[in-house]
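Peer 1: heads up, no residue letters with this:
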Ligand SMILES: Cc1cc2nc3c(=O)[nH]c(=O)nc-3n(C[C@H](O)[C@H](O)[C@H](O)COP(=O)(O)O)c2cc1C
């Protein structure tokens, strides 16, 4: 089965990723991967670190002559900032006592991580728990997207709100507009807006107010989170399965997305709304025969099954139903604050302290939207290969076409 592992520290030499069980014959577009990496670094509200790094993928194995070979695909992403940390990150030099960190920042892995591993320097935890790791996930996600593009499967993502600023109607937080309004991120106007927005927001009137909120947070030494949406279209019916708990597509997606640093909720389709409306209002009736945009037969071709609503978010019974898969995620405010608001305790002395300040983002929701899209690509690619898997792209294409032909 498709799997991947990442390694590397935030201020170490770089990040290493291995993707295993990836098929041969997939044409790799390095620019596409680097564009996704650049998007992960962008967005209004990022910290100084992003000015130091210009992430680029360097393949180590599994690709030759521009095509994957079927061997494990591995790659490296360099940390340019390592030059400033050489001494402190040295593999063999003993760590001087005075540089060790004993004061855990609330909201980080610092507290539980250092106790769990018996470490007397929190740096050993924060270096790995840092969201720098998401560069690996984004590059890997781009590789999954490249494979799936061969089947017209497309991914996108956007930021629905920053803090309380958001919603289609331009109002501040409002349950109805956040959780009851559907959005089609593939709509041409919406795509244009997202691409023109420094915050990847689909409605331009929100952008200036969201930026003003980020500026305010900067002045106050505080941070802010937001709501992300990611979508994937042109999926065949039947990825994932109802037959076993760990084969469910929605469950797998929840794991992929929830494991992203600072993501605190995963909602499939209009999941929150489902708790508040009647069955007759919520469930997506099934129709057949009309030409529809994104349903059945994998490619939105004329004819087939379709729905007029998509509250289910493209997943029923743990399987893709042919509709657009839509997921929303809440990202919490960045836990490193530039002013000493948060109380904590020195783990060495037991003394009450204020959480220490480290160079940090004020808002990283636009960057996280790219990570969410990439993590979604892993779950989709995992089940796509499970269903149509073969050792080469040609073999997968034969399996895929045979299945699609078999659907009425
Ligand atoms: C793209 C991205 C960038 C982030 N940047 C920062 C940052 O600059 N400073 C920080 O304290 N946390 C940042 N975080 C969040 C922390 O990494 C995260 O909250 C922490 O590791 C604890 O994990 P948890 O929130 O999942 O419990 C970022 C998260 C993402 C997804």
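Peer 2: In hand now; what should we look at? The structure presented is a predicted model; accordingly, all values stated were derived computationally and were not measured.

Peer 1: Below-threshold pLDDT in the stretch 151-300 of the chain: ranges please.
Peer 2: The stretch 151-300 of the chain contains residues with pLDDT under 70 at 167-181, 290-300.

Peer 1: residue boundaries of the helices in this protein?
Peer 2: Secondary structure of the chain (DSSP state H): helices at 30-41, 49-52, 110-117, 123-129, 134-149, 175-180, 188-196, 204-220, 249-258, 279-282, 365-388, 393-406.

Peer 1: need the contact list for the residue in the stretch 1-150 of the chain that the ligand sits nearest to.
Peer 2: Going by CB to the nearest ligand atom, the ligand is nearest to residue 131 of the stretch 1-150 of the chain, at 3.3 Å. Any C-beta I mention is one placed from the backbone N, CA and C, and that applies to glycine too. Counting by CB atoms under 8 Å, 6 or more residues apart in numbering, residue 131 makes contact with 261, 262, 364, 371.

Peer 1: what's the spacing between it and residue 260?
Peer 2: 8 Å (CB to CB, to the nearest Å).

Peer 1: re earlier: can you pick the most crowded of the contacts of residue 131?
Peer 2: residue 371 (30 neighbours; other CB atoms under 10 Å).

Peer 1: pretty sure that residue is touching residue 139, no?
Peer 2: No: if you go by CB atoms under 8 Å, residue 371 and residue 139 don't touch, sitting 11.0 Å apart.

Peer 1: And for residue 282, the neighbour number?
Peer 2: Around residue 282 there are 16 residues (other CB under 10 Å).

Peer 1: pretty sure it is touching residue 273, no?
Peer 2: Yes: counting by CB under 8 Å, residue 273 is a contact partner of residue 282 at 7.0 Å.

Peer 1: and for those two, which residues touch both?
Peer 2: Shared contacts of residue 282 and residue 273, counting by CB under 8 Å, 6+ apart, come down to residue 311.

Peer 1: what's residue 8 in contact with, if anything?
Peer 2: Applying CB under 8 Å, 6+ apart to residue 8 gives the contacts 14, 15, 16, 77, 79, 128, 132, 133, 136.

Peer 1: how close does residue 224 get to residue 340?
Peer 2: In terms of CB to CB, residue 224 sits 18 Å off from residue 340.

Peer 1: Neighbour count: those two, which is higher?
Peer 2: Each of residue 224 and residue 340 has its neighbours counted (other CB under 10 Å); residue 224 has more, 24 against 13.

Peer 1: Number of residues surrounding the residue lying closest to the more buried one once chain neighbours are set aside?
Peer 2: Distances taken as CB to CB, 6 or more residues apart in numbering place residue 163 nearest to residue 224, at 4.2 Å, with adjacent residues excluded. For residue 163, the count of nearby residues is 21 (other CB under 10 Å).

Peer 1: again, but for residue 41
Peer 2: 17.

Peer 1: Any idea how many residues pack against the residue lying closest to it once chain neighbours are set aside?
Peer 2: In space, and not counting its chain neighbours, residue 41 is closest to residue 50: 4.7 Å by CB to CB, 6+ apart. Look at residue 50: counted by other CB under 10 Å, it has 17 neighbours.

Peer 1: And the pLDDT for residue 50?
Peer 2: According to the prediction, residue 50 has pLDDT 78.

Peer 1: quick one: it and residue 238, what's the gap?
Peer 2: The gap separating residue 50 from residue 238 is 40 Å, by CB to CB.

Peer 1: Return the residues of the stretch 301-408 of the chain in contact with the ligand.
Peer 2: When proximity is defined as CB under 6 Å from any ligand atom, the stretch 301-408 of the chain approaches the ligand at 332, 334, 335, 336, 360, 361, 364, 367, 368, 371.

Peer 1: Can you check which residues contact both of residue 131 and residue 260?
Peer 2: residue 371.

Peer 1: Return the residues in contact with residue 113.
Peer 2: Residues in contact with residue 113 (CB under 8 Å, 6+ apart) are 119, 122, 125, 126, 129.

Peer 1: again with residue 375
Peer 2: So residue 375 contacts 137, 141, 256, 257, 259, 260 (CB under 8 Å, 6+ apart).

Peer 1: Go again with 6 Å.
Peer 2: Under the criterion of CB atoms under 6 Å, 6 or more residues apart in numbering, the contact partners of residue 375 comprise 256, 257, 260.

Peer 1: how about the strands in the stretch 201-350 of the chain?
Peer 2: Ranges of strands within the stretch 201-350 of the chain are 226-233, 263-268, 286-288, 305-307, 315-316, 319-320, 325-331, 343-345, based on DSSP state E, counting those that start in this stretch.

Peer 1: need those strands in a markdown table with mean neighbour count, can you?
Peer 2: Listed next are those as a markdown table, based on neighbours: other CB atoms under 10 Å:
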| stretch | mean neighbour count |
| --- | --- |
| strand 226-233 | 25 |
| strand 263-268 | 18 |
| strand 286-288 | 12 |
| strand 305-307 | 20 |
| strand 315-316 | 22 |
| strand 319-320 | 22 |
| strand 325-331 | 26 |
| strand 343-345 | 14 |
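
Peer 1: Tabulate those strands in a markdown table, adding columns for distance to residue 113.
Peer 2: Formatted as a markdown table, the strands of the stretch 201-350 of the chain follow (distance: least, CB to CB, whole Å):
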| stretch | distance to residue 113 |
| --- | --- |
| strand 226-233 | 25 |
| strand 263-268 | 18 |
| strand 286-288 | 48 |
| strand 305-307 | 44 |
| strand 315-316 | 33 |
| strand 319-320 | 36 |
| strand 325-331 | 20 |
| strand 343-345 | 14 |
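
Peer 1: ok, back up a step: and the furthest pair within the contacts of residue 113?
Peer 2: Farthest apart among the contacts of residue 113 by CB to CB are 119 and 129. That separation is 11.8 Å.

Peer 1: The spatially closest residue to residue 13 that is not a sequence neighbour: neighbouring residues, count only.
Peer 2: Nearest-residue entry for residue 13: residue 82, 5.3 Å, with adjacent residues in sequence omitted and distances by CB to CB, 6+ apart. Neighbours of residue 82 under the rule other CB under 10 Å: 16.

Peer 1: same thing with the one 4 residues further on?
Peer 2: For residue 86, the number of neighbouring residues by other CB under 10 Å comes to 11.
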